[in-house]
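Engineer: pasting the sequence and the predicted coordinates here, then a few questions.
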Amino acid sequence: MTSRPYNFAYLDEQTKRMIRRAILKAVAIPGYQVPFASREMPMPYGWGTGGVQLTAALIGPEDVLKVIDQGADDTTNAVSIRAFFAKTADVATTTETEAATIIQTRHRVPETPLNEGQILVYQVPIPEPLRFLEPRETETRTMHALGEYGVMHVKLYEDIARHGHIATTYAYPARVAGRYVMDPSPIPKFDNPKLDDCPALQVFGAGREKRIYAIPPYTKVVSLDFEDHPFERTKFDSACVFCGATDSFLDEVVTDDSGGRMFVCSDTDYCEKRQSKQATVAVEEKDAAE
Amino acid sequence: MTPRPSDLLVVEALDKAFILHLHGGKRLPVVTNVSFSVARGECVVLGGPSGVGKSSILKIVFGNYRSECGSIRLADGERFLDIARASAREIVDARRRLMGYVSQFLRVIPRVSTFDIVAAAARDAGLEASAAKDRASSLLTRLNLPERLWSLPPATFSGGEQQRVNIARGFAGEHRLLILDEPTASLDATNREAVVELIAERRAGGVGFLAIFHDDDVRARVADRVLDVSKFSEREGA
Amino acid sequence: MSAPLLVAEGLFKRYGSIAACRDISFELDEGEALAIVGESGSGKTTLLHLLGGLLAPDSGAVFYRGRDGASRNLFEMSEAERRALMRADWGFVHQDAARGLRMNVSAGGNIGERLMALGDRHYGRIRGAASQWLERVEIPLARLDDSPQTYSGGMRQRLQIARNLVTAPRLVFMDEPTGGLDVSVQARLLDLIRGLIAEMGLAVVLVTHDLGVARLLSNRILVMKQGEVVESGLTDRVLDDPQAPYTQLLVSSVLAA
């Protein structure tokens, strides 16, 4: 069986240009959802086609790609997408945040701070933050155009009325550059502060909904709240059992059938780095002691 | 004719006819060339047989019926407002401050209590909430309406009780001219007396009255002048 | 006397060959309540939507005098301005309360929405204002966090009124506000509306087919027939001494209970 070679990164060049034009518009209007002609991809909607198209349009032969899913490099989706790009673009891949030039992520922001020159590509299911209260697309577009965001606070009001506090814990809406309100994709609200004043370029792609939006580097991103119920980062009661981190987002892992559980860092690279540093320090201390 | 400073109301050359479009445009004349005046503190009673147009004249003065021609000048401080030519806004304002009307029959929204009906009328006239309540209590008491009725809507009251609520409402404001259409028709002697006293008090304060009284006795006691409306009538007495 | 609040000038609206509104002009002052009555097909609802800026006329204009004193043509404003006006200065009470409410949001959220839309960011204060208004429209405070799905028709209508009045609008449009409600519920609601109009000095444009409601709530009335105003004036005068043939027909057709 002959295999026809793919164009670099799967998409044809004209499509990439179309997507790059959309990205440029998105960067020019931070937080604004730019419609784009989302292509048929070799994975179904809901599996990251938006993010994959963004990466495909941005990636070059010299890039180093990292792909994470819920913070982990080794889950099915991360592995598949990484393999996809390895096959169609033959680019170097990595699990180390600092070594990557492009990081495609599903539902988490890496713990390691990003730097200028890096691009974070988010996979977005529903780009429209107003959708839950306003089903009409015509109306939501008008609301964004006119900056009519009162209804976003209605949602937060409802949370407080029902639960006593703002119960939204992921996909927490934020205002970009003081203008557009966006849904940062289903990242935990723990990650929201990382969006603000980030040195890297952040781009968001929704394949099924056909929208691209972006936060340029060093842009102000403010999570919505009330004066008397200010935005609070999630705090964990425990530390990671592997590396002892108290400042990273923890996954809860059920260990047995009798309710045993442990908390571990969601960001596998971050956790492993910490563990190896601790191991190195332990060895050095042992050497010094001898 | 120029109104005198003591005049409260000057009516001149009013004509009224109904055109019944549903009956082929038949013209039903009511009154013609009606002229009279009411001075401050004066009580002018309209007399004449039933059906001669007395009620209609009251309604024209109040702005409830339209007059084909003529003028209805109502004193407003130093100036006069011609009700026949006034805009809706001016008439609404005049009814709030200057002239009140007690109709023959009580017409109110169901389910509103007697007390609230009277207090609301006082508030509309400009009294603030607690003063309005005081006035409502005072009037209802004077008209011998027992307190146990105050929280009830008047729809189930007797004719006489309803009429007393009507009177209380009419007297709840600060109007300078009060128009009364048979206010004592359903009342017994005690309550007729209460109404006579109320009228006397207001007159002493300069309020003018234009009224129709069914009762000869009451008429004799309150009227300064009785105007026989038959002379304005184009109708036969019924 | 200050300038009128709302001025309609030569409004025309056609649907194909049917003229829903023909050359309608009138003025409305601050604090004045105007009823527009007529039978089905008279054009009264179309007129209400034109006045409220929800529908554009084929010709004619509607001028609104803003809080700054300047009169502007509604249809020469940008959509942003018009929407801002509707949020801050106006209210619109629909016949079907579900159209004027967010049915999946609590009563408190419904009432507070306008405040949040105008920039209020203090939960406690918003909730306080919503509570006050709930009491003012005589809905038990315990229902503040319930969704209007659980409310009766009369309660929904009262909630809709609260939602509209929380920002103290200057002008409120009402489309058959008691239509479809049980008679016993109507009476109380009418009294509430009447009281609020008087207390807040609201200007009101009210569309109704019910002459009793018009008499109760309005001081002026427009009688419409087939897109035209056949008679207008003081409400009690037009209803007690109707001049136009159609008005006489309308008035004589009302059944007394």
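Structural biologist: Cool, the structure landed.
Engineer: for residue B:236, report the pLDDT, please.
Structural biologist: Reported pLDDT at residue B:236 in the predicted model: 48.
Engineer: so what does the top helix by length along chain C touch, helix or strand wise?
Structural biologist: Longest helix of chain C, by residue count under DSSP state H: helix C:183-200. With contacts taken as 3 or more CB pairs under 8 Å, 6 or more residues apart in numbering or on different chains; DSSP states H and E, helix C:183-200 sits against helix B:114-124, helix C:153-165, helix C:211-217. Just so you know, the C-beta spots here come from the backbone N, C-alpha and C atoms, and that holds for glycine as well.
Engineer: right, and the helix or strand after it?
Structural biologist: strand C:203-208 (DSSP states H and E).
Engineer: end to end, how far does stretch A:194-201 reach?
Structural biologist: Counting by CA to CA, to the nearest Å, you get 12 Å between the two ends of stretch A:194-201.
Engineer: if you could redo that for stretch A:208-219, that was the one I meant.
Structural biologist: 27 Å.
Engineer: tell me how far it is from the chain's mean position?
Structural biologist: 11 Å (CA atoms, centre = their mean, to the nearest Å).
Engineer: one more: stretch C:189-202?
Structural biologist: Using CA atoms, centre = their mean, we find the averaged C-alpha position of stretch C:189-202 to lie 12 Å away from the chain's own average C-alpha position.
Engineer: in that stretch, which residues are buried?
Structural biologist: Along stretch C:189-202, the positions that meet the burial threshold by neighbour count (16 or more other CB atoms under 10 Å in any protein chain shown) are C:189-194, C:196-197, C:202.
Engineer: same thing with stretch C:62-69?
Structural biologist: Along stretch C:62-69, the positions that meet the burial threshold by neighbour count (16+ other CB under 10 Å) are C:62-65.
Engineer: just to revisit the earlier point, ok, and what's touching the longest helix of chain C?
Structural biologist: The contact list for helix C:183-200 (CB atoms under 8 Å, 6 or more residues apart in numbering or on different chains) reads B:109-112, B:120, B:123-124, C:33, C:136-138, C:152-154, C:157-158, C:161, C:165, C:168, C:174, C:177-178, C:181, C:202, C:204, C:213, C:216-217.
Engineer: just stretch A:140-148 next, same as before
Structural biologist: Stretch A:140-148 is touched from outside by A:32-33, A:128, A:130-131, A:134, A:149, A:151, A:179-181, C:79-80, C:83, C:117, with contacts defined as CB under 8 Å, 6+ apart.
Engineer: top of the residues you listed by neighbour count?
Structural biologist: For the contacts of stretch A:140-148, counting by other CB atoms under 10 Å in any protein chain shown, the largest number of neighbours falls to residue A:33: 25 neighbours.
Engineer: wait, isn't that residue in contact with residue A:212?
Structural biologist: Yes. Taking contact to mean CB atoms under 8 Å, the distance of 7.5 Å between residue A:33 and residue A:212 places them in contact.
Engineer: picking up where we left off before, in JSON lines, list the helices and strands packed on helix C:183-200 along with mean pLDDT.
Structural biologist: Shown next, in JSON lines, are these (pLDDT from 0 to 100):
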{"stretch": "helix B:114-124", "mean pLDDT": "92"}
{"stretch": "helix C:153-165", "mean pLDDT": "94"}
{"stretch": "helix C:211-217", "mean pLDDT": "91"}
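Engineer: between those, which gets nearest to chain A?
Structural biologist: Chain A lies closest to helix C:153-165 among the helices and strands packed on helix C:183-200, at 11.4 Å (CB to the nearest CB).
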